[in-house]
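# how does the following fold in three dimensions:
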Amino acid sequence: QFIFLAGGADHDQMERMREYLSALCKGWNVQQVREIVAEALHDLIDPIIYDEAASLIEAHHTAGRDVVIVSTSGAEVVEPIGEMLGADRVVATRMVVGEDGCFTGEIEYYAYGPTKAEAVRELAESEGYDLARCYAYSDSFTDVPMLEAVGHPHAVNPDRALRREAVAREWPVLVFSKPVRLKQRLPGLSMPARPALVAAAAVGAAAATAGLVWYASRRRAAASA
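Residues are numbered from 1 along each chain as shown. Here you go, the predicted model:
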């Protein structure tokens with residue numbers, strides 16, 4: 001986590017993390033993992049997010065926009081956090097599950113780099129989102145393909161490479177500086193029902209390295225007429 005905050009995670013580091021997590025998860029029972037994550041999130045761990053990030057989710061929902069978290073971390077961890085945050089959809093790394101209900105150690109889908117952009121485009125096509133009207137938020141240079149896929153990319157607390165890219169392309173650079181425990185923000189994350197006719201908010205989430213500290217980036221689109 002310290003290395004990520006200090007300089008970001010490059011391609012080689014992300015690949016090493018992928019290989020490490022694959023080996024680490026091999027043989028684990030999927031249902032048991034989900035139960036452990038659920039228990040940890042609700043009873044033992046109070047995930048930390050940025051207050052500005054939670055407020056941004058609220059603002060998108062208030063405007064009738066969908067919120068989609070896109071993360072390189074595993075779906076078993078990201079989906080429960082997405083639910084706690086009130087996200088409408090989650091795109092995350094998926095591991096192969098064997099007939100015995102355990103992870104094989106192989107990765108079915110790795111949500112990283114260009115594959116995030118591909119997932120966003122596929123989601124936009126299936127849900128009717130207008131990517132030119134969507135907003136994307138990320139802190140990592142590896143998410144440039146995803147940022148390029150939308151009309152309104154934003155860099156949030158960017159690593160050095162992404163900051164340079166954002167300045168060169170004149171992308172807005174946001175600074176989130178108010179960490180808050182998720183349970184403190186839960187009352188404010190309860191939003192009224194969104195209108196049926198919306199374009200969409202595609203939200204990119206960066207889970208730093210192994211997901212020790214969570215911060216949700218995001219993207220949106222204006223409501224349909």
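# and the host helix or strand of residue 83, what does it pack onto?
In this assignment (DSSP states H and E), residue 83 forms part of helix 75-85. On a contact count with 3 or more CB pairs under 8 Å, 6 or more residues apart in numbering; DSSP states H and E, helix 75-85 meets helix 30-39, strand 68-74, strand 89-97, helix 182-185, strand 205-207. To be clear about C-beta, it is placed using only N, CA and C from the backbone, and glycine gets the same treatment.
# please repeat the previous calculation with a cut-off of 7 Å.
For helix 75-85, the packing partners by 3 or more CB pairs under 7 Å, 6 or more residues apart in numbering; DSSP states H and E come out as helix 30-39, strand 68-74, strand 89-97.
# deepest-packed of these, please.
Ranked by mean neighbour count under mean count of other CB atoms under 10 Å, the helices and strands packed on helix 75-85 are led by strand 68-74, which reaches a mean of 27.
# strand partners of it, parallel vs antiparallel please.
strand 89-97 (parallel) (DSSP bridges).
# who are the packing partners of the next helix or strand after the strand it pairs with?
Downstream of strand 89-97, the first helix or strand assigned by DSSP H and E is strand 103-109. Judged by 3+ CB pairs under 7 Å, 6+ apart, strand 103-109 is in contact with helix 11-25, strand 89-97.
# what's the spacing between strand 103-109 and its chain's center?
Relative to its chain's centre, strand 103-109 lies at 20 Å (CA atoms, centre = their mean, to the nearest Å).
# would you mind identifying the next helix or strand past it?
helix 114-127.
# contacts for that following helix, please.
68, 70, 91, 111, 129, 131, 143, 145-146, 148-149, 200, 202 (CB atoms under 7 Å, 6 or more residues apart in numbering).
# okay if I get the residues you listed as TSV plus pLDDT and distance to residue 82?
What follows is the contacts of helix 114-127, written out as TSV (pLDDT from 0 to 100; distance: CB to CB, whole Å):
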residue	pLDDT	distance to residue 82
68	93	9
70	92	10
91	93	10
111	89	13
129	92	17
131	94	20
143	93	17
145	95	21
146	94	17
148	95	23
149	94	20
200	35	15
202	37	13
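# alright, that wraps it up for me.
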